[in-house]
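> predicted coordinates and the sequence they were generated for:
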Amino acid sequence: MAWTRVYDALARVEDLEPTDSGVLAFGAEPRAGGILVEKGRICWAVAPGMQRRLKDLLAARTSERGIDFDRIYERCLANGSLLGQTLVDEGWISASELEAALRTHSAESLVALCSKSGEPPSWTSRGSRGYLPRFTFRPIELLLEVVKLSAAEIQARARAELAKLDRADYRGAAFCCDSRYEVMVPVATSGELSVRELWSLGRWAMQLPLAARELGATPQFVLASRGTDTIAVWWRAELLFAVATEERSSVAAFVAQHLHEAG
Amino acid sequence: MNIDAAVGRACERVPGMLRGALVLLPEGFLLGATPGAHVLDLEPMIRSAARCLTAPTLPALRGRDGAFTELVFVFHDHLFVIQVSRRDPRLALVIACTREHNLAFVLGATRLVIGSVEEELDLGAWGL
């Protein structure tokens, strides 16, 4: 998959006016698919060949719950009602499970859309007229869901490491530098970040392992400061972490924790 | 004016000092070094600093935008500190020192060193 196409598409959604809604189309034909956006948030990504995938994802979630899934599906088709919402209304799945299935479906569709080369996607605005979806996703949420599809174990490890920081003011991310990816792929975040910020942070932070290589050793960590802004960077195996803070006490806590861990 | 002598004198205040150098970036030109520092030991430090300080710009995540002025690599047995001039980002001090001293103390000392070197030296001939 072309990660840079994923970044570019999601960054374009972030760049939209927060009141704007419409579709980021991946081709001139409507059937080519695209990303439906409502007020800067993603409702759904749709790709050719992925129409029935949501049904499969929902079926997988209900497979051990004694449900006659095909009968409900046929009923929804006949009534013109939404399958996912019907499953929630009848108590077969929770609203959060439906949200998770929709997020996974959009992530898989985004992967399909970005796997093909072609012209950059084009934006068609609907102004303030949206799609009234039940669930919407921030571009960064969808990016991390895409990562989860191919690197769930690495993502879990990265989240566990970031969770150790245990301070609310940190903002940062973990990146995977595995050779199977053509770029540094963000796999987990700490605090609120945009796709653009993540992309910049990864490009900047990847210089530090290269700088350390010049010195012939791997540091326990690196601190980089500008004014009151400090970024702590460290790396373990294929994961690189970079977190920013303005709090001196947080820097001190980070240093103490990492020196303690190193023994 | 002897740049080596000025750098050596200023760096005496850094606890656990091993070696240090004043360099011009991004070319990595060595302007002066601490007494006894061998150029082969300084070269990796200078290359490392050049990599760090020519990295892509990072927008502010916390605090303010701009270039980084201080970096410290914490190794198990030593520290490597890069202090960028607050007056001219092309000038940087690179220092290696032992680990037994307090990190904040070392960083504070190296900040004073780059400041005092700039005060003492006239680097106009270097375009600074």
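Received the coordinates, thanks. The model shown is predicted, which means the values in this text are computed figures rather than measured ones. Numbering: from 1, shown residues only, chains lettered A, B, ... in the order given.
> only C-alpha atoms for contact and neighbour calcs from this point on.
OK.
> what residues does chain B put near chain A?
Contacts of chain B with chain A, taken as CA under 8 Å from any CA of the partner chain, map to B:44-45, B:47-49, B:51-52, B:55-59, B:61-64, B:66-76.
> which of the residues you listed count as buried?
Among these, those scoring as buried are B:44-45, B:47-49, B:51-52, B:55-56, B:58-59, B:61-63, B:67-76 (criterion: 16 or more other CA atoms under 10 Å in any protein chain shown).
> select from these every entry located in strands.
Among those, the members falling in strands (DSSP state E) are B:70-74.
> okay, the residues you listed in CSV with pLDDT next?
Putting those into CSV (pLDDT from 0 to 100) gives the following:
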residue, pLDDT
B:Glu70, 95
B:Leu71, 97
B:Val72, 97
B:Phe73, 98
B:Val74, 97
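> can you redo these as CSV with distance to B:Gly28?
Shown next, in CSV, are these (distance: CA to CA, whole Å):
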residue, distance to B:Gly28
B:Glu70, 17
B:Leu71, 16
B:Val72, 18
B:Phe73, 19
B:Val74, 22
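> among those residues, which two are most distant?
Farthest pair in those (CA to CA) is B:Glu70 and B:Val74. Separation: 13.0 Å.
> any regions of chain B where pLDDT drops low?
Across chain B, the ranges flagged by pLDDT under 70 are B:1, B:62-64.
> show me where it has strands.
With DSSP E applied, chain B shows strands at B:17-24, B:29-33, B:70-74, B:78-84, B:91-98, listed in chain order.
> just want the angle from the last one to strand B:70-74.
Between the direction of strand B:91-98 and that of strand B:70-74, the angle (axes from the mean of the first three to the mean of the last three CA atoms, to 10 degrees) works out to 20 degrees.
> same question, the fourth one
With the same axes, to 10 degrees as the basis, strand B:78-84 and strand B:70-74 are set at 170 degrees to each other.
> in chain B, which spans are helices?
Using DSSP state H, the helices of chain B run over residues B:3-11, B:39-53, B:103-120.
> run through the bridge partners of the spatially most central residue of chain B.
Centroid-nearest residue in chain B, with CA atoms, centre = their mean: B:Leu93, separated by 1.9 Å. Legend: beta-bridge partners of B:Leu93 under DSSP bridges are B:Leu22, B:Gln83.
> do you know how far it is from A:Trp3?
38 Å (CA to CA, to the nearest Å).
> ok, B:Ala104 next?
To A:Trp3, B:Ala104 is 40 Å away according to CA to CA.
> those two: which has the busier surroundings?
A:Trp3 (19 against 10; other CA atoms under 10 Å in any protein chain shown).
> return the backbone torsion pair for the more buried one.
The phi/psi pair for A:Trp3 (degrees, to the nearest 10) reads phi -60, psi -40.
> show me what contacts it?
Contacts of A:Trp3 were listed using CA atoms under 8 Å, 6 or more residues apart in numbering or on different chains, and they are A:114, A:181-183, A:185.
> the same query, at a cut-off of 7 Å, please.
Not one residue lies near A:Trp3 by CA atoms under 7 Å, 6 or more residues apart in numbering or on different chains.
> circling back to that earlier point, wait, which of the strands of chain B is closest to A:Glu74?
It is, among these and with distance given as CA to CA, strand B:70-74, at 62.3 Å.
> helices or strands next to the closest one in the packing?
Packed against strand B:70-74 by the contact rule (3 or more CA pairs under 7 Å, 6 or more residues apart in numbering or on different chains; DSSP states H and E) you find strand A:221-226, strand B:78-84.
> same list, these, but as JSON lines with mean neighbour count please.
Converted to JSON lines, the helices and strands packed on strand B:70-74 look like this (neighbours: other CA atoms under 10 Å in any protein chain shown):
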{"stretch": "strand A:221-226", "mean neighbour count": "21"}
{"stretch": "strand B:78-84", "mean neighbour count": "25"}
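> can you add distance to A:Ala242 and give these back as JSON lines?
Below are those laid out as JSON lines (distance: least, CA to CA, whole Å):
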{"stretch": "strand A:221-226", "distance to A:Ala242": "9"}
{"stretch": "strand B:78-84", "distance to A:Ala242": "18"}
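> between those strands, which one is closest to A:Trp204.
Judged by CA to CA, the one of the helices and strands packed on strand B:70-74 that comes nearest to A:Trp204 is strand A:221-226, at 11.1 Å.
> pLDDT of the helix or strand just after that closest one, averaged?
Sequence order places strand A:229-236 as the next helix or strand after strand A:221-226, per DSSP states H and E. Averaged across strand A:229-236, the pLDDT comes to 94.
> buried sites along stretch A:150-170?
For stretch A:150-170, a neighbour-count test (16+ other CA under 10 Å) marks A:154-155, A:158-159, A:162, A:165, A:169-170 as buried.
> and for it, what's in contact with it?
Under the contact criterion CA under 7 Å, 6+ apart, stretch A:150-170 has outside partners A:148, A:174, A:187-188, A:190-191, A:243-245.
> the same query, at a cut-off of 8 Å, please.
With CA under 8 Å, 6+ apart, stretch A:150-170 has contacts from A:147-148, A:173-174, A:176, A:187-191, A:239, A:243-247, A:250, A:254.
> hang on, isn't B:Arg111 packed against B:Gln83?
Yes. Look at B:Arg111 against B:Gln83 with CA atoms under 8 Å: they come within range, at 6.7 Å.
> what segments of chain A are helices?
A:3-15, A:53-62, A:69-79, A:83-89, A:95-114, A:139-163, A:195-205, A:207-215, A:248-262.
> tell me how far the closest residue to B:Ser48 other than its chain neighbours lies from A:Met50.
Distance criterion CA to CA, 6 or more residues apart in numbering or on different chains; nearest residue to B:Ser48, sequence neighbours excluded, is A:Ala211 at 4.4 Å. Taking CA to CA as the measure, A:Ala211 falls 44 Å from A:Met50.
> and those two? Which one has more around it.
A:Ala211 (24 against 16).
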